[in-house]
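Student: the sequence isn't on hand, but the structure is:
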Ligand code: NAI
């Protein structure tokens, strides 16, 4: 079949396997040329491994100096009558292919990370492939829902402000339309739902399960990802439902740090830069900021993608030095370049001029769109998109 991009609003409904391989290869190539990770972990579990920061972390750790073996957990769709499957599905498959070519162990576990069953499957995999212990656990799940296995109901996260309504714009990637909307303040139930889905509870459940199963190695670390951002994004992010969940995640990092201290290890929340990912394009009001930020950071030569952020996290913060550098709230900050005062001043000036009729010219819309397309395996020069793809042939050799 010939696979074409199918974009609905901010959601991609198709993915090109060969382009996903290119996306993985491009990241591998970057980390091989970057400053290496020294004294890195050898056995890594990544929960949320198939795209965005989780995939970048996996690639950095496997190819960027640590030569780590990895177990990756994700929730993705393979090909079916409904469609070709999700980009994350192919990212997993091609990560495994290229990791194995270089002699690394790469195990993909697909299922609901929130479930007890997947946690047990992972412990079994740790027994089988890692001699029973992990050195690093990355928690990088971004989801809109979490099943409550006790009641059979779903907790849903809502991306909303708290207290009062805010307005902001989203850009529809299919029609190139800038859509202004007003978001009502979240209800208590929505705040609670977001906390359950995106807060620290499940991260803690993973670490507790791993400790109880004696799967945590001496010196084991764990990291989850957070966002703080500048004032412009605070009403919809930091001061909203997602920010509430991130504060919970930060608090969880402190309690996990105490638990892992028993193993001479540690737990951190790492505050990352705002980037185009499958999850972030959903956040209303964030797109104009991303367009302005990309424009300014690219002009200044300070722009980073997920892979640059992750390589820097591991080679300059988490490994290779006596103490992990943190701020006054014990957060790792790799959002420093984003929050640089000159960058923010320029971004603010640009945002003040940006509107529905000039965002394509003023902001880095071309870069934003290309990054989104490439997340789904499109717009790579190396791929001939006019050629048919045999999905069955592609997936057969790499399934676990
Ligand atoms: P993403 O959408 O690219 O990746 C999310 C991952 O979670 C995927 O591997 C997906 O398969 C997995 N996942 C989702 N539901 C799952 C489930 N039920 N079971 C197992 N796996 C599941 O998202 P992104 O942006 O990389 O987000 C990762 C973390 O980074 C989140 O905590 C997010 O808040 C944080 N972050 C993101 C920023 C951004 O600008 N994109 C900035 C700062 C932090």
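Tutor: Good, I have the coordinates. This one's a predicted model, so the numbers in the text were calculated from it and none came from an experiment. Residues are numbered from 1 along each chain as shown.
Student: what does the stretch 201-350 of the chain have sitting close to the ligand?
Tutor: 225, 226, 227, 272, 274, 275, 277, 278, 279, 280 (CB under 6 Å from any ligand atom). (C-beta placed from N, C-alpha, C; glycine too.)
Student: just checking, residue 293 touches residue 348?
Tutor: No: Residue 293 is beyond contact range of residue 348, at 10.6 Å (criterion: CB atoms under 8 Å).
Student: comparing these two, which residue is more hemmed in?
Tutor: Shown here are residue 293 and residue 348; by other CB atoms under 10 Å, residue 293 has more neighbours (29 against 15).
Student: which residues does that one contact?
Tutor: 274, 338, 343, 347 (CB atoms under 8 Å, 6 or more residues apart in numbering).
Student: please tell me how far the closest residue to residue 255 other than its chain neighbours sits from residue 257.
Tutor: Of all residues not flanking residue 255 in the chain, residue 204 sits nearest, at 6.9 Å (CB to CB, 6 or more residues apart in numbering). Separation of residue 204 from residue 257 (CB to CB, to the nearest Å): 11 Å.
Student: one more: residue 200?
Tutor: 12 Å.
Student: neighbour count for these two, which is higher?
Tutor: With neighbours defined as other CB under 10 Å, residue 200 and residue 257 compare such that residue 200 has more, 25 against 17.
Student: does the more buried one really touch residue 224, like I thought?
Tutor: Yes: counting by CB under 8 Å, residue 200 touches residue 224, with 7.2 Å between them.
Student: find residues that contact each of these two.
Tutor: Common contact partners of residue 200 and residue 224 (CB under 8 Å, 6+ apart): 249, 252, 253.
Student: going by distance to the ligand, which of those wins?
Tutor: Distance ranking of the shared contacts of residue 200 and residue 224 against the ligand, using CB to the nearest ligand atom, places residue 249 first at 7.5 Å.
Student: count the neighbours of that closest one for me.
Tutor: By other CB under 10 Å, 21 other residues sit near residue 249.
Student: now it: how far from residue 237?
Tutor: Taking CB to CB, one finds residue 249 at 13 Å from residue 237.
Student: residue 283 now?
Tutor: Counting by CB to CB, the gap from residue 283 to residue 237 is 7 Å.
Student: show me where the stretch 151-300 of the chain has its strands.
Tutor: 153-156, 166-172, 177-183, 216-226, 266-271 (DSSP state E, counting those that start in this stretch).
Student: what's the helix or strand for residue 122?
Tutor: Here residue 122 sits within helix 116-129, counting by DSSP states H and E.
Student: remind me what that helix packs against, helices and strands.
Tutor: Contacts defined by 3 or more CB pairs under 8 Å, 6 or more residues apart in numbering; DSSP states H and E place helix 116-129 against strand 43-47, strand 69-74, strand 106-110, helix 201-212.
Student: try it again at 10 Å.
Tutor: Identification of packing neighbours for helix 116-129 by 3 or more CB pairs under 10 Å, 6 or more residues apart in numbering; DSSP states H and E yields strand 43-47, strand 69-74, strand 106-110, strand 134-139, helix 201-212.
Student: residue 328 is nearest to which of those?
Tutor: helix 201-212 (22.0 Å; CB to CB).
Student: identify the contacts common to residue 283 and residue 237.
Tutor: Residues touching both residue 283 and residue 237 (CB atoms under 10 Å, 6 or more residues apart in numbering): 159, 227, 274, 289.
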